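Participant: Provide a 3D model corresponding to the input given below.
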Amino acid sequence: MPLNSSSTDLSTSDRRGSRRASAELARDLLGASGAGKIADSEGNTYDPVGSSAGPRESFLKTVGDNVKDKVGSVIGERALDPVAAAELQTKNPGAAAFLTSTAGVALEMVIFLVYVGLDMGKSIFNSAALGRHAAFAEAGHTIVFSSLLMTSSLLQTCLALGTIGFVEGKEGFQRLANPERFKKFFIVSVLFALANNFATLAYTELPAGTIKILGQCRLFETAILSRIIFNRRYSETQWMLMIIIIFGAILHIMAKQNAEALFEETANLHLEHDQRRLCHQDLVHLSNETQINRTTSSLQPLITECIIAPAESHDGDEGLILGIMYTFLYMLCSDIASIVSEMFLKSEKSTPFYIQKATMDSMGIPVLFATSFFGPWFSMIVGVSESRWATQMWWAREGSNFIGADRALAWCNNPAEHHGHAILCGSAAGGLWRDWGYWQPWGALFFTSSQSWFAGILVKLLSSVVKLLAKIVSLGGVFFIGDCWLLYDEEAGNLRPAGFAAIQVILLTFTFLNIKVPKEEAMAEPAASAKDAVELPEREKPQVV
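Facilitator: Next comes the predicted model:
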């Protein structure tokens, strides 16, 4: 009996010790400052991946070695950011050793796959809930995109506050309540909120895969900003690859546009053929040239020939232009916010992620609320079609002309605009949270909040190589699983040419971020002083979206 009692006590203490160790590991990981990076809602930062110099080898051997090295970098201690690994080693050596064990490697692989899955899920569900040509929209449902942003920010703020209480308790809330921190983060918070707003708007016009492909143009944009602001240098090979990536993205868009146009023209030809065939069948049964009009009791000529009016083509140029503009505005705001944080928030780089998150999300909610008014109003002012802003005026109600409410209701109540029946808009449709009774908005909310939170943690903990692999895998997954399968619409036509262009962009992006700059090229430029000599460390290449 005493033996059994002691065994029970030992097992209980082991379980308590295990739970205590897990809690300490979670606190250490959440509290790690990592490299002090501040990420946007997509988990993108301004400091990208680089590679060490080395001798030139055959292309196939180089690609094979790079793939093997990158896959090996996902597991073990190499998966962590060097700063975060050193910090974890100091705080909890046992946890650092655990990450190199078999169980630790399995945990890292699970985290990597979860990160990729959340990133893919966010893009796919946002496209399903917000896309103008998605099944959700085709069924007559529309959500106010600002409601998704504000709800997600509010949810993430609550999660950040709960994490502060769990990790630091009262001291954490005291650190959060520092007015100076809110002043420092004000500009960054506003810019990130605007970036998040434009990123969400892009989903209303473009498929998720196209947005991901366009995002690779961020390499060129970031390189230009790095050259202008930080005087960072890039080789001619890097510049050429960035330009080729841009052309690859353009080819992808052109291929999708051609596929849609070809499908539309083919469908119109079939429709005209069927109409002409039915018309000629009717003419065969007519023997007289006139017939009696029973209403006017007079003779009128019969139809003697078939003239088929050409089918109306859908002009998608406006949506394409708006989608491209929203995507590049998102990237520009995000990059500027990252630059501002790198230049003016150096003292905050040691601040834990959850405190940064609570600060920026809480300050971003008022900005998103303001843009929910300004966005539809500005679209109305510049002449964008009513279908793109009328349903977004959630405040519209009968008898009100507040910020274009009367024009929105006039369009919604016009049966000629909606195939013979009016639609509900504004407060009558549910206001800010209209059409949230379906799974698409809730799925988008879950993946948007989870991806933003999870990416913000991992961007501080994981190495640049792991984040690179995750973004590339997510890019391919969103297009081939999302656009080509789950969200595929037959009106998109044949996506094979666009798929080849997508593969080209993926491979070019991977190649760009694995360029090995020879030492002789790095040393070739004259250096009049130490200040003029700029090397290419890991922070020198722009980050992939």
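
Participant: Count the neighbours of I515 for me.
Facilitator: Neighbours of I515 under the rule other CB atoms under 10 Å: 15. Where you see a C-beta, it was placed from the backbone N, CA and C, and this is true even at glycine.

Participant: what does R175 give?
Facilitator: R175, neighbours per other CB under 10 Å, totals 15.

Participant: Could you verify that it is part of a strand?
Facilitator: No. R175: not assigned to a strand; according to DSSP: H, G, I helix; E, B strand; the rest coil it is helix.

Participant: What residues does it make contact with?
Facilitator: 168, 181, 351, 355 (CB atoms under 8 Å, 6 or more residues apart in numbering).

Participant: Sort out which residues of the one helix or strand V110 maps to are buried, please.
Facilitator: Element membership for V110 (DSSP states H and E) is helix 102-130. Neighbour-count burial for helix 102-130 flags 104-105, 108, 111-112, 115-130 (criterion: 16 or more other CB atoms under 10 Å).

Participant: circling back to that earlier point, would you turn the contacts of R175 into JSON lines with secondary structure and neighbour count?
Facilitator: Below are the contacts of R175 laid out as JSON lines (DSSP: H, G, I helix; E, B strand; the rest coil; neighbours: other CB atoms under 10 Å):
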{"residue": "E168", "secondary structure": "coil", "neighbour count": "19"}
{"residue": "R181", "secondary structure": "helix", "neighbour count": "18"}
{"residue": "T351", "secondary structure": "coil", "neighbour count": "20"}
{"residue": "I355", "secondary structure": "helix", "neighbour count": "23"}
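
Participant: Which two of these have the greatest separation?
Facilitator: E168 and R181 (14.3 Å; CB to CB).

Participant: from memory N197 sits against F369, does it?
Facilitator: No. Applying CB atoms under 8 Å as the test, N197 and F369 come out as separate, 10.9 Å apart.

Participant: got any residues that touch both of these two?
Facilitator: With CB under 8 Å, 6+ apart, N197 and F369 have common neighbours S146.

Participant: Look at the two and report which has more neighbours.
Facilitator: N197 (26 against 16).

Participant: D435 versus the more buried one, what's the distance?
Facilitator: 20 Å (CB to CB, to the nearest Å).

Participant: Ok, T210 next?
Facilitator: 24 Å.

Participant: Between these two, tell me which one has more neighbours.
Facilitator: Here T210 and D435 are compared on neighbour count by other CB under 10 Å; more neighbours surround T210, at 25 against 21.

Participant: Packing partners of the host helix or strand of that one?
Facilitator: T210 is part of helix 208-215, with elements assigned from DSSP H and E. In this structure, helix 208-215 makes packing contacts with helix 102-130, helix 236-284, helix 317-344, helix 464-477, helix 496-512, judged by 3 or more CB pairs under 8 Å, 6 or more residues apart in numbering; DSSP states H and E.

Participant: Between those helices, which one is closest to V188.
Facilitator: helix 317-344 (5.0 Å).

Participant: Which positions within the closest one qualify as buried?
Facilitator: 319-320, 322-324, 326-342.

Participant: How about stretch 396-404?
Facilitator: 396-397, 403-404.

Participant: if we take these, which one ends up nearest to E490?
Facilitator: A396 (34.2 Å).

Participant: What residues does the closest one make contact with?
Facilitator: Contacts of A396 by CB under 8 Å, 6+ apart are 402, 404-406, 408-409, 425-427.

Participant: Alright, calling it a day.
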